[in-house]
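J.: With the sequence up front, the predicted model follows.
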Amino acid sequence: MAHLQEGDKAPAFTTKDQKGKTVSLADYKGKKIVLYFYPQDGTPTCTVQACNLRDNYALLKKEGFTILGVSPDDEKKHKKFEAKFDLPFTLLADPEHAVIDKYGVWGEKQLYGRKYMGLLRTTFLIDEKGVIRKIFGKPKSKEHAEEIVKAWKELK
């Protein structure tokens with residue numbers, strides 16, 4: 001599994017979105033990307049994070065960002081999540097962990113003292129040249145959009 005750092009080239013990937021369309025990182029060349037990894041559609045924290053990005057979508061678009069959410073869920077589950085919460089951005093299905101492994105976001109987690117393997121909530125800000133400019137190892141789900149915009153402005 002990868003251990004990516006700020007300044008690294010973002011790993012290329014191809015997978016399906018919630019509509020069954022094939023999507024590649026190369027499709028977004030020349031754009032700023034918010035690539036956010038989350039554990040599962042419909043869980044409380046994942047929903048809060050997605051809705052924060054939805055509620056601040058106009059601000060993120062104004063700043064020039066394209067938002068891509070990635071989880072191990074399949075296209076069908078993503079489609080339901082998108083519809084239920086009226087999400088205006090792309091959700092990428094990665095049940096085989098191809099993208100998750102390239103970005104190194106699968107690892108040991110702990111809940112109520114029990115250790116298990118799972119997706120580590122992580123966001124990558126990728127610039128127009130495909131370089132990772134910022135990594136949020138533990139994004140603040142309720143304030144994630146604000147966190148993204150602030151970090152990007154500090155990078156300039």
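T.: Yep, it's here.

J.: quick one: the helices in the chain?
T.: Assigned by DSSP state H, the chain shows helices spanning 44-55, 57-62, 75-85, 98-102, 144-155.

J.: mind saving the C-alpha coords of the first one as CSV?
T.: Looking back up the chat, that one is helix 44-55. Listed next in CSV are the C-alpha coordinates belonging to helix 44-55 (Å, rounded to 0.1, in the frame of the first residue of the first chain):
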residue,chain,number,x,y,z
PRO,A,44,-23.6,9.1,10.6
THR,A,45,-20.2,10.7,10.2
CYS,A,46,-20.0,9.9,6.4
THR,A,47,-23.4,11.5,5.9
VAL,A,48,-22.4,14.6,7.9
GLN,A,49,-19.3,15.0,5.8
ALA,A,50,-21.1,14.5,2.5
CYS,A,51,-23.8,17.0,3.5
ASN,A,52,-21.2,19.6,4.6
LEU,A,53,-19.6,19.3,1.1
ARG,A,54,-23.1,19.5,-0.5
ASP,A,55,-24.1,22.5,1.6
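
J.: Show me what it is packed up against.
T.: Under the contact criterion of 3 or more Cβ pairs under 8 Å, 6 or more residues apart in numbering; DSSP states H and E, helix 44-55 touches strand 32-37, strand 65-71, helix 75-85, helix 144-155. Glycine gets a C-beta too; all of them are placed from N, C-alpha and C.

J.: for the first one, what is the average pLDDT?
T.: The predicted model assigns strand 32-37 a mean pLDDT of 97.

J.: Neighbouring strands - and their directions - for that strand?
T.: Strand 32-37 has its sheet partners listed here by DSSP bridges as strand 65-71 (parallel), strand 122-126 (antiparallel).

J.: Please enumerate residues in contact with it?
T.: With contact meaning Cβ atoms under 8 Å, 6 or more residues apart in numbering, strand 32-37 is reached by 10, 25, 49, 53, 60, 63-71, 100, 103, 105, 119-128, 139, 144, 148, 152.

J.: change it to 7 Å
T.: The contact list for strand 32-37, computed with Cβ atoms under 7 Å, 6 or more residues apart in numbering, reads 60, 64-71, 100, 103, 105, 119, 121-128, 148.

J.: One more: the third one?
T.: Counting by Cβ under 7 Å, 6+ apart, the neighbours of helix 75-85 from elsewhere in the structure are Lys16, Gln18, Gly20, Asp41, Gly42, Thr47, Ala50, Cys51, Arg54, Leu87, Leu91, Ala93.
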